[in-house]
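Engineer: would you be able to build a 3D model of this:
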Amino acid sequence: MKYISTEKIPIKMWIENIEDGALEQVKNLANLPFAFRHIAIMPDSHQGYGMPIGGVMATKGVVVPNAVGVDIGCGMCAVKTSLTEIDLETLKKIMGEIRKQIPLGFNRHKEAQDEDLMPDNPGFSGNLHYKIVEQEYQNALKQIGTLGGGNHFIEIQKGSDGHIWIMVHSGSRNFGLKIADYHNKLAKELNEKWFSEVPKKWELAFLPLDSQEGQDYLNEMQYAVNFALANRKLMMDRITGIFYEKTEANFDPVINIAHNYARIENHFGENVMVHRKGATLATEDTIGIIPGSQGTKSYIVKGKGNQESFNSCSHGAGRKMGRKQAERELNLKEEIERLDDQGILHAIRGVHDLDEAAGAYKDIQDVMKNQEDLVEVLVELQPLAVIKG
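Structural biologist: As a prediction, the model looks like this:
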């Protein structure tokens with residue numbers, strides 16, 4: 001752990017080298033008037049909007065929408081199957097059927113899905129506390145059970161425990177984006193009205209917890225977290241259905257962990273609002289998921305409950321290149337060969353796919369080494385086949 005003591009509160013980092021832009025954002029966090037105790041930065045950290053991805057911040061009395069981000073509730077689901085082997089032809093058939101049943105990228109279902117699949121209705125009738133949820137609800141019925149784009153993926157893996165695993169990474173889709181954008185815009189407007197001492201350029205506008213606006217955000221954020229989980233579970237149900245049809249496999253219970261949210265927790269004897277933006281809960285004995293990049297290992301882990309990280313760990317490998325930079329600088333042939341040599345069914349076809357190549361990400365083994373005091377590895381997962389959003 002690295003320690004920086006030059007700002008208003010300390011910064012504790014589990015990363016060896018952090019880009020200048022991300023470090024500037026970390027220092028901004030450490031100088032917020034409501035930031036609590038210290039700022040914790042995970043080993044996969046890189047620059048984001050306002051707050052770096054891989055950042056953990058506790059606050060007193062406020063919530064910061066941009067410290068959660070636009071993909072509210074984004075996270076991971078993993079399922080262990082009873083299979084110990086799967087042949088290439090069966091794997092290809094399964095992946096083909098997944099592509100038929102699960103819309104990818106910006107695509108959504110043509111028909112609204114069963115409303116019973118959605119999180120419990122919070123009671124919309126005349127309830128302005130769920131303004132954006134109510135506004136976007138019908139659209140969300142077509143988004144549930146869809147993967148999305150960017151770094152979201154479906155992966156079939158072989159575990160160090162000898163079993164075949166299924167992993168899904170996805171979030172709250174456009175539903176969560178609309179909620180995040182609305183409340184962040186409102187926070188910026190209110191902060192200007194209040195002559196907030198937080199500089200506008202930091203992109204860290206806040207909402208007081210004791211205000212109607214703060215409570216409205218928390219309500220809608222939590223609904224988006226619940227929707228993101230429902231979204232992943234529906235995809236996982238359909239994938240396991242395909243597996244059962246092709247292999248008659250049985251399945252362990254779903255492991256789920258989110259990495260974009262804020263909630264009240266007790267740390268160092270005080271109740272504080274903990275923001276995790278691209279960071280995963282790692283309380284003692286919590287089972288979590290840390291995915292690698294396309295073509296590298298992922299990990300099922302158990303938290304160690306390290307208080308200094310606010311009981312958190314990384315949410316993945318973390319980018320080392322921007323998307324356009326990866327397309328410019330990575331070698332398409334080399335990235336394809338890297339995956340082909342491992343026998344992985346992958347999603348890299350052209351230059352525009354390089355933004356999600358392994359070369360665009362930090363080395364997951366270095367990331368895991370830097371957080372040995374945060375988590376214990378239970379199972380290592382080697383990719384067999386991957387679908388990217």
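
Engineer: report the buried residues of the lengthiest strand in the chain.
Structural biologist: Using DSSP state E, we find that the single longest strand of the chain is strand 375-388. For strand 375-388, the buried set under the neighbour-count rule, 16 or more other Cβ atoms under 10 Å, comprises Val375, Val379, Glu380, Leu381, Gln382, Pro383, Leu384, Ala385, Val386, Ile387, Lys388. C-beta coordinates here come from the backbone N, C-alpha and C atoms, glycine included.

Engineer: list the buried residues for stretch 154-174?
Structural biologist: Buried-residue list, stretch 154-174, by 16+ other Cβ under 10 Å: 154-159, 163-174.

Engineer: quick one: terminal-to-terminal distance for that stretch?
Structural biologist: 19 Å (Cα to Cα, to the nearest Å).

Engineer: for the stretch 251-389 of the chain, which segments count as helices?
Structural biologist: 323-329, 332-340, 364-369 (DSSP state H, counting those that start in this stretch).

Engineer: Pro291 contacts Ser298, doesn't it?
Structural biologist: Yes. Assessed by Cβ atoms under 8 Å, Pro291 is found in contact with Ser298 at 4.3 Å.

Engineer: common neighbours of those two, please.
Structural biologist: Shared contacts of Pro291 and Ser298 (Cβ atoms under 8 Å, 6 or more residues apart in numbering): Glu155, Met167.

Engineer: hang on, the earlier thing: please work out which of the helices of the stretch 251-389 of the chain is packed deepest.
Structural biologist: helix 364-369 (a mean of 18; mean count of other Cβ atoms under 10 Å).

Engineer: who touches that one?
Structural biologist: For helix 364-369, contacts defined as Cβ under 8 Å, 6+ apart pick out 16, 43-44, 290, 292-293, 296-299, 314, 316-318, 377.

Engineer: and the gap between Ala40 and Arg173?
Structural biologist: 28 Å (Cβ to Cβ, to the nearest Å).

Engineer: per-residue pLDDT, the residue nearest to Asp181 when sequence neighbours are not counted?
Structural biologist: Distances taken as Cβ to Cβ, 6 or more residues apart in numbering place Val70 nearest to Asp181, at 6.7 Å, with adjacent residues excluded. Model confidence at Val70, given as pLDDT, is 96.

Engineer: surely Val70 meets Tyr182?
Structural biologist: No. Judged on Cβ under 8 Å, Val70 makes no contact with Tyr182 at a distance of 10.9 Å.

Engineer: for the chain, which spans come out with low pLDDT?
Structural biologist: Across the chain, the ranges flagged by pLDDT under 70 are 121-128.

Engineer: go through it and flag its longest helix.
Structural biologist: The longest helix of the chain (DSSP state H) is helix 212-247.

Engineer: in it, what's buried?
Structural biologist: Buried, per 16+ other Cβ under 10 Å, within helix 212-247: 214, 216-236, 238-240, 242-243, 247.

Engineer: over to stretch 256-266?
Structural biologist: Buried residues in stretch 256-266, counted by 16+ other Cβ under 10 Å: Asn256, Ile257, Ala258, His259, Asn260, Tyr261, Ala262, Arg263, Glu265.

Engineer: cool, stretch 265-275 as well?
Structural biologist: Glu265, Val272, Met273, Val274, His275.

Engineer: against Pro43, how distant is the closest residue to the third one other than its chain neighbours?
Structural biologist: Put plainly, it is Met273. Of all residues not flanking Met273 in the chain, Thr59 sits nearest, at 4.8 Å (Cβ to Cβ, 6+ apart). The gap separating Thr59 from Pro43 is 23 Å, by Cβ to Cβ.
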